[in-house]
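1. The amino acid sequence is not available; the structure is as follows:
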Ligand SMILES: [Fe+2]
């Protein structure tokens with residue numbers, strides 16, 4: 001089960017720039033990128049990777065969803081313990097705070113839960129256009145004061161642009177430095193593997 005219920009997402013959606021745009025890359029490529037642990041240190045080296053305690057990064061693959069989460073380097077920028085279930089506390093380091101919860105529900109929906117609220121991503125296929133995706137982004141705010149700092153602390157705009165740029169580069173071909181190759185890492189690539197399996201099951205296994 002995802003960490004959130006749809007009823008926990010507040011009604012106050014705020015207008016954001018480019019809430020709907022056509023971006024380069026197939027929708028599955030965008031999803032795979034979202035689920036890829038390695039892309040944090042690569043694509044987001046100057047944004048997320050600087051503020052997240054990368055060693056605490058966790059991937060939890062559930063039957064029908066995937067959760068990725070991590071502690072923040074600066075506890076002032078994380079969730080208060082009472083805002084999340086107790087299992088997100090590190091009992092040996094009670095000062096640690098969760099930076100964000102990234103929930104993915106297949107095939108193409110992500111809820112990114114930050115201390116300021118929810119950032120929703122949907123990657124929609126475009127008919128007869130396999131090399132582009134219609135990206136929808138919505139913000140639902142629980143704390144307006146924190147939301148004012150969504151770019152400064154939680155890197156919202158920067159991270160979004162980095163992902164879009166990387167997918168554009170990846171589309172340019174195998175020479176791209178973003179086109180990762182090499183051995184599969186069972187520890188670190190659980191979520192991407194989970195997504196491949198999910199697609200396989202939906203296409204080839206009978207229910
Ligand atoms: Fe990303």
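-> On my side now, so go ahead. Quick caveat: nothing in here was measured; it's all calculated off a predicted structure. Residues are numbered from 1 along each chain as shown.
2. and residue 21, backbone torsions?
-> Main-chain torsions, residue 21, degrees, to the nearest 10: phi -150, psi 150.
3. Distance of it relative to residue 39?
-> Counting by C-beta to C-beta, to the nearest Å, the gap from residue 21 to residue 39 is 20 Å. Any C-beta I mention is one placed from the backbone N, CA and C, and that applies to glycine too.
4. And these two? Which one has more around it.
-> Counting neighbours by other C-beta atoms under 10 Å for residue 21 and for residue 39 shows that residue 39 has the greater number, 21 against 12.
5. what's the closest non-adjacent residue to the more buried one?
-> Nearest residue to residue 39, sequence neighbours excluded (C-beta to C-beta, 6 or more residues apart in numbering): residue 33, at 5.5 Å.
6. Likewise for residue 104?
-> Closest to residue 104 by C-beta to C-beta, 6+ apart is residue 66, at 4.5 Å.
7. about what we covered before: neighbours of the residue nearest to residue 39, how many?
-> 21.
8. okay but it is in contact with residue 166, surely?
-> Yes: look at residue 33 against residue 166 with C-beta atoms under 8 Å: they come within range, at 6.8 Å.
9. how would you label residue 69: helix, strand or coil?
-> Three-state assignment for residue 69 (DSSP: H, G, I helix; E, B strand; the rest coil): strand.
10. That one and residue 52: what is the separation?
-> 10 Å.
11. about what we covered before: for the residue nearest to residue 104, give me its contacts.
-> Contact criterion C-beta atoms under 8 Å, 6 or more residues apart in numbering gives 35, 59, 60, 103, 104, 191, 194, 195 as the residues in contact with residue 66.
12. Among those residues, find me the one that's closest to residue 144.
-> residue 103 (22.5 Å; C-beta to C-beta).
13. so the closest one touches residue 119, yeah?
-> No: using C-beta under 8 Å, residue 103 is not in contact with residue 119; the gap is 11.0 Å.
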